[in-house]
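A.B. asks: next one to model:
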Amino acid sequence: MSGSNTLPPLVEPASELTKEEVERYSRHLIIPDVGMDGQKRLKNAKVLVIGAGGLGSPALLYLAAAGVGTLGIVDFDEVDESNLQRQVIHGQSDIGKPKARSAKESIAEINPFVQVNLHETHLSSDNALDIFRDYDLILDGTDNFATRYLVNDAAVLLGKPYVWGSIFRFEGQVSVFWEDAPNGQGLNYRDLYPEPPPPGMVPSCAEGGVLGVLCASIGSIMVNEAIKLLTGIGEPLLGRLVVYDALEMKYREVKIRKDPSTEKITELIDYEAFCGVVSQDAQQAAAGHTITAKELKAKFDAGEDFALIDVREPHEYEIVNIKGATLIPKDRILSGAALAELPQDKPIVLHCKSGGRSAEALAALHKAGFADAVHVGGGVLGWAKDVDPSLPTY
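C.D. replies: Numbers count the residues shown, from 1 in each chain. The predicted structure is shown next:
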């Protein structure tokens, strides 16, 4: 039942539900807290989902099933095979299709009464405010810090609430942020994370992996929060961060308080620069010291004597590796522990999955005096794409 921190409903009710809608949503209608009034509010609601990937997939499916009248999808990516382990809104026949369009087709199959708006574009400081403006609530399922800060700041500038979630390996986090919330309860993402982590510190799901079913756990909590805000029932996760550990099967709750030192957000900034996606050192090291996968192949073909070092993790090396590469994980290079294992008498070529980690390791090698070391831009993925397509990608 309604708790002490219930917020007023975000959306006015639609004028009516049709006979078909009453039948479709009957299991909602017989819950007293939702009822006709709550369902009419959902029908009138406009929710924008950022990303039709791991979290966006279950979120969109359940928002549609719940009868949210208008759904917006921001995504410019295409479906690939490695998505299907968790992005359940897409299927085998969608591989190669734009994710936003694939998602729209699945939604039409689940609920033909939902209006779906596609924003097939890269969300940026130039377009975020225009895209967000027409929606009542934003649901952020993105997987990188630059976009999260952009979503936060745009939502703050427009006074919109948003539901945020993130996932990594076996852990998920969810909260609700709304700077303009009534009763002085307002806070935003920067109260939780005042500044982004240093580049290379937090691996993405593509680097670190994610248990597919975790997306369902976190995505469904996000939709639950959205429904509560739209209809004005229950106690939203405003000021509370829920942390879910799937291995221990534990939910923990952390209080988030407004941080008085958080600077007021007055404009959108350059978020890639703010988050320094790759560190300054790595960018400098890679400049002029990057070779392509094809150039690496040419070195092998010419019989050159060089050391190829794979800086990924052992379990990644087991998935796929380049013949002749020696595995020395990046952290051992950055800590200096592995420097003694590197040959002094021949050139060193580093590679990782796609080039980010090898650039960080390259910077460390240059500092340690291996001035002619280079790395492979595009990493083992580039090698599989351009040199040896028989290798799997991941």
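
A.B. asks: just give me the residue closest to the centre of the protein.
C.D. replies: For the chain, the residue whose C-alpha lies nearest the mean C-alpha position (C-alpha atoms, centre = their mean) is residue 143; its distance is 1.6 Å.

A.B. asks: wait, it touches residue 50, no?
C.D. replies: No: checked against C-beta atoms under 8 Å, the pair residue 143 and residue 50 is beyond contact range at 10.4 Å. All C-beta atoms are positioned from the backbone trio N, CA, C, and that covers glycine.

A.B. asks: give me the below-cutoff pLDDT ranges for the stretch 1-150 of the chain.
C.D. replies: 1-4 (pLDDT under 70).

A.B. asks: show me where it has its helices.
C.D. replies: In the stretch 1-150 of the chain, helices defined by DSSP state H, counting those that start in this stretch lie at 19-24, 26-29, 35-44, 56-66, 99-110, 128-132, 145-158, listed in chain order.

A.B. asks: contacts for the first one?
C.D. replies: Pointing back at helix 19-24 there. By C-beta atoms under 8 Å, 6 or more residues apart in numbering, the residues outside helix 19-24 that reach it are 29, 39, 43, 67, 111, 113.

A.B. asks: which of those tops the neighbour count?
C.D. replies: When neighbours are counted by other C-beta atoms under 10 Å, residue 39 leads these with 24 neighbours.

A.B. asks: show me what contacts the residue nearest to the centre of the chain?
C.D. replies: Residue 143 makes contacts with 51, 53, 54, 166, 167, 204, 205, as judged by C-beta under 8 Å, 6+ apart.

A.B. asks: among those residues, which ones are in strands?
C.D. replies: In this view, the contacts of residue 143 that belong to strands under DSSP state E are 166, 167.

A.B. asks: about what we covered before: out of the helices of the stretch 1-150 of the chain, which comes closest to residue 248?
C.D. replies: Proximity to residue 248 (C-beta to C-beta) singles out helix 56-66 among the helices of the stretch 1-150 of the chain, at 21.7 Å.

A.B. asks: list the buried ones in that closest one?
C.D. replies: Residues 56, 57, 58, 59, 60, 61, 62, 63, 64, 66 are the ones in helix 56-66 that count as buried (16 or more other C-beta atoms under 10 Å).

A.B. asks: give the contact list for the third one.
C.D. replies: This means residue 58. Contacts of residue 58 by C-beta under 8 Å, 6+ apart are 88, 89, 215, 216, 219, 220, 223.

A.B. asks: element containing the last one, please.
C.D. replies: Which is residue 223. helix 214-231 (DSSP states H and E).

A.B. asks: about what we covered before: just the buried residues of the contacts of residue 143.
C.D. replies: 51, 53, 54, 166, 167, 205.

A.B. asks: most surrounded residue in the contacts of residue 58?
C.D. replies: residue 219 (29 neighbours).

A.B. asks: what's the domain layout of the chain?
C.D. replies: Following automatic domain parsing, the chain resolves into domains at 19-275, 280-386.

A.B. asks: quick one: the shortest one to chain centroid distance?
C.D. replies: By that I understand domain 280-386. Distance, stretch centre to chain centre, for domain 280-386: 27 Å (C-alpha atoms, centre = their mean, to the nearest Å).

A.B. asks: what's in contact with the next helix or strand after the helix holding residue 223?
C.D. replies: Going down the chain from helix 214-231, the next helix or strand is strand 240-245, by DSSP H and E. Identification of contacts with strand 240-245 by C-beta under 8 Å, 6+ apart yields 170-175, 192, 214, 217-218, 221, 250-256.

A.B. asks: likewise stretch 386-394?
C.D. replies: Counting by C-beta under 8 Å, 6+ apart, 82, 292-294, 296-297, 316, 319-320, 353, 378, 380-381, 383-385 sit against stretch 386-394.

A.B. asks: now the buried members of those.
C.D. replies: Looking at the contacts of stretch 386-394 with 16+ other C-beta under 10 Å, the buried ones turn out to be 293, 296, 316, 320, 353, 378, 380, 381, 383, 384.

A.B. asks: from those, which single one is nearest residue 8?
C.D. replies: Nearest to residue 8 among the buried ones among the contacts of stretch 386-394, with distances taken as C-beta to C-beta, is residue 353, at 47.3 Å.

A.B. asks: that closest one and residue 380 touch, don't they?
C.D. replies: Yes: in terms of C-beta under 8 Å, residue 353 counts as a neighbour of residue 380; the distance is 5.9 Å.

A.B. asks: overlap in contacts, the two.
C.D. replies: residue 312.

A.B. asks: residue 295: what secondary structure?
C.D. replies: Assigned by DSSP: H, G, I helix; E, B strand; the rest coil, the conformation of residue 295 is helix.

A.B. asks: quick one on the thing from earlier: from the contacts of residue 143, which is closest to residue 328?
C.D. replies: Taking C-beta to C-beta as the measure, residue 328 lies nearest residue 204 of the contacts of residue 143, at 21.5 Å.
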